[in-house]
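> sequence and predicted structure are below.
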Amino acid sequence: MELALQVNNLTVHYGGFTALDRINLNLQQHTTLGLVGESGSGKSTLARVIAGLITPDEGQILLGAQALNKKRSREQRKMIQMIFQNPDASLNPKHSIRQILSEALLFHKIVGSTEVEKRCKELLSRVHMEAKALDRYPHEFSGGQRQRIAIARALSVEPSLLIADEPTSALDVSVQRSVLELFNTLKAELNLTMLFISHDLGVIHAISDTVAVMRQGKLVEISSKDQFFTRPETEYSRELLSAVPKMPKSILSGGLYEPRT
Ligand SMILES: Nc1ncnc2c1ncn2[C@@H]1O[C@H](COP(=O)(O)OP(=O)(O)OP(=O)(O)O)[C@@H](O)[C@H]1O
């Protein structure tokens with residue numbers, strides 16, 4: 001299998017504080033890497049560096065075979081899309097859903113102006129929303145629906161890597177489940193390559209093929225999902241797993257994770 005992403009020796013300092021300490025990571029195409037670790041371990045920083053929102057102090061990022069420059073080209077920015085915990089971060093409140101989706105499609109020349117309406121409708125349908133949403137504005141939708149729109153916007157430019165940073169954490173539990181199901185459906189339908197961050201191991205279990213564990217700015221384990229949940233390599237991973245009180249009632253069918261007693 002080909003590598004979608006390679007991260008070599010990535011280091012980020014915030015002043016004198018080392019938020020990322022020589023991170024090395026490979027992500028296979030068409031797979032989902034679940035990134036876990038306690039609050040402050042550097043997960044969001046890693047996501048933001050890969051997405052080009054933070055410039056690293058050291059290290060290299062390759063997307064496919066292409067090294068990403070510190071100053072990314074429009075094409076390079078398009079190839080990595082990010083979904084945030086708060087969907088409002090990527091939805092302009094003054095723009096209708098039509099404007100939000102068509103702006104991305106036209107800016108990156110994904111379709112021409114004659115096809116844009118059709119493509120906007122297709123994108124909404126992908127995230128299980130109706131075409132009439134196009135005339136409405138972000139505030140007219142629930143948090144879960146806004147996250148679906150943010151997902152549609154991210155997918156509109158056909159990225160080669162989708163980064164989702166706690167995309168279900170701000171949602172009600174029942175809505176969390178449906179958004180997670182959507183991610184799983186899209187993953188299968190579109191063969192997505194994803195970096196999926198969550199502090200919730202039930203969510204990670206439901207979505208990931210591989211699990212990476214961060215601690216204090218370092219990557220301390222990368223294992224297959226099965227290995228991580230049954231035979232984790234590190235004591236720290238065992239602690240994370242045992243800290244989960246009563247673990248996720250099946251988040252998705254097949255997503256059941258029960259802690260071993
Ligand atoms: N802009 C910044 N300036 C200074 N320190 C920062 C900045 N952003 C993050 N940090 C610090 O860097 C560390 C890593 O933060 P980061 O947000 O990457 O962690 P995280 O694992 O995503 O945590 P959480 O799950 O709480 O979001 C934390 O100690 C945080 O306080």
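Happy to help now that I have it. None of the values given here were measured: they were computed from a predicted structure.

> how about stretch 127-137: buried residues?
127, 129, 133-134, 137 (16 or more other CB atoms under 10 Å). Every C-beta, even on glycine, is put in place using the N, C-alpha and C of the backbone.

> number of residues surrounding the residue in the stretch 101-250 of the chain positioned nearest to the ligand?
Relative to the ligand, the nearest point of the stretch 101-250 of the chain is residue 199 (5.5 Å; CB to the nearest ligand atom). Residue 199 sits with 16 neighbouring residues when counted by other CB atoms under 10 Å.

> re earlier: turn the buried residues of stretch 127-137 into JSON lines, columns for distance to the ligand, secondary structure and pLDDT.
Putting the buried residues of stretch 127-137 into JSON lines (distance: CB to the nearest ligand atom, whole Å; DSSP: H, G, I helix; E, B strand; the rest coil; pLDDT from 0 to 100) gives the following:
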{"residue": "127", "distance to the ligand": "25", "secondary structure": "coil", "pLDDT": "97"}
{"residue": "129", "distance to the ligand": "28", "secondary structure": "coil", "pLDDT": "97"}
{"residue": "133", "distance to the ligand": "30", "secondary structure": "helix", "pLDDT": "97"}
{"residue": "134", "distance to the ligand": "33", "secondary structure": "helix", "pLDDT": "97"}
{"residue": "137", "distance to the ligand": "28", "secondary structure": "coil", "pLDDT": "97"}
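
> how about residue 79, nearest residue that isn't a chain neighbour?
residue 160 (4.8 Å; CB to CB, 6 or more residues apart in numbering).

> so which residues of this protein form strands?
Using DSSP state E, the strands of the chain run over 3-14, 17-28, 32-36, 58-63, 66-67, 80-83, 161-165, 194-197, 210-215, 218-224.

> who are the packing partners of the third one?
The one in question is strand 32-36. Identification of packing neighbours for strand 32-36 by 3 or more CB pairs under 8 Å, 6 or more residues apart in numbering; DSSP states H and E yields helix 43-51, strand 194-197, helix 201-207, strand 210-215.

> try 7 Å
If contacts are counted by 3 or more CB pairs under 7 Å, 6 or more residues apart in numbering; DSSP states H and E, strand 32-36 sits against strand 194-197, helix 201-207, strand 210-215.
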